[in-house]
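Predicted coordinates and the sequence they were generated for:
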Amino acid sequence: MRPLLLVAALAVCSGAARLQAQQFKVTKAADLTFGNLFSNVPLTIRPTDGNSGRYVITGPKNKAVKLVFTLPSVMSSGVTMPISFGPLSGGYSQSSSGSNMQFFDPRTPPTITLPDAGAVYIFIGGTVQPGSGQRAGPYTATILLDVSAP
């Protein structure tokens, strides 16, 4: 089986931090990337994988924030390729390495509390499903994260 030369990447964009005069900061640390894919072979990137998308949220310790993701259903490159997210596609940790990660479903906005260190790391994965005649090329889509008061 020959790999498609796809560079499937999602631009993980920071959303608005609308909490008390911007006292919180959302920073994109990495895009969710799938790399080369095979026709008819789905590929899942988990939040714990090195290719997961990553954000850093910083702000006052012990403050609760609600995470609202805008998730795509397809990636495109002139044609589309389905992408999906499930109940374990999101995760957060007090560590940039993702140790002791707590998983969540990014389709349902979770509320989390910033730890004493004042920073939390958000990780996002997903699953792509290339079709049998999927055209090779770079496929992209955008994930938005909006951080707001619960």
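Ah, there it is.

Residues in a beta bridge with Leu145, which ones?
Applying DSSP bridges to Leu145 gives these bridge partners: Ser14, Phe69.

again with Phe104
Gly90.

Now for it, how many residues are close by?
By the criterion of other C-beta atoms under 10 Å, Phe104 has 23 neighbours. (Glycine included, C-beta is placed from N, CA and C.)

show me the contacts for it.
Going by C-beta atoms under 8 Å, 6 or more residues apart in numbering, Phe104 touches 67, 90-92, 110.

and the residue nearest the centre of the chain, what pLDDT?
Central residue of the chain (C-alpha atoms, centre = their mean): Ile124, 2.9 Å from the mean position. pLDDT, Ile124: 96.

Could you find the closest non-adjacent residue to it?
Gly53 (4.2 Å; C-beta to C-beta, 6 or more residues apart in numbering).

next one: Val79
Arg135 (5.4 Å).

That neighbour: neighbour count?
Arg135: 13 neighbours (other C-beta under 10 Å).

Verify the contact between it and Met75 for me.
No. Between Arg135 and Met75 there is no contact under C-beta atoms under 8 Å: 11.9 Å.

that older thread, show me the contacts for the residue nearest to the centre of the chain.
Here Ile124 is in contact with 12, 32, 47, 52-55, 69, 85, 89-91, 106, 143 (C-beta under 8 Å, 6+ apart).

What's the PyMOL line that selects buried ones from those residues?
Entered in PyMOL, the line below selects the buried ones among the contacts of Ile124, by 16 or more other C-beta atoms under 10 Å:
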select buried, resi 12+32+47+52+53+54+55+69+85+89+90+91+106+143
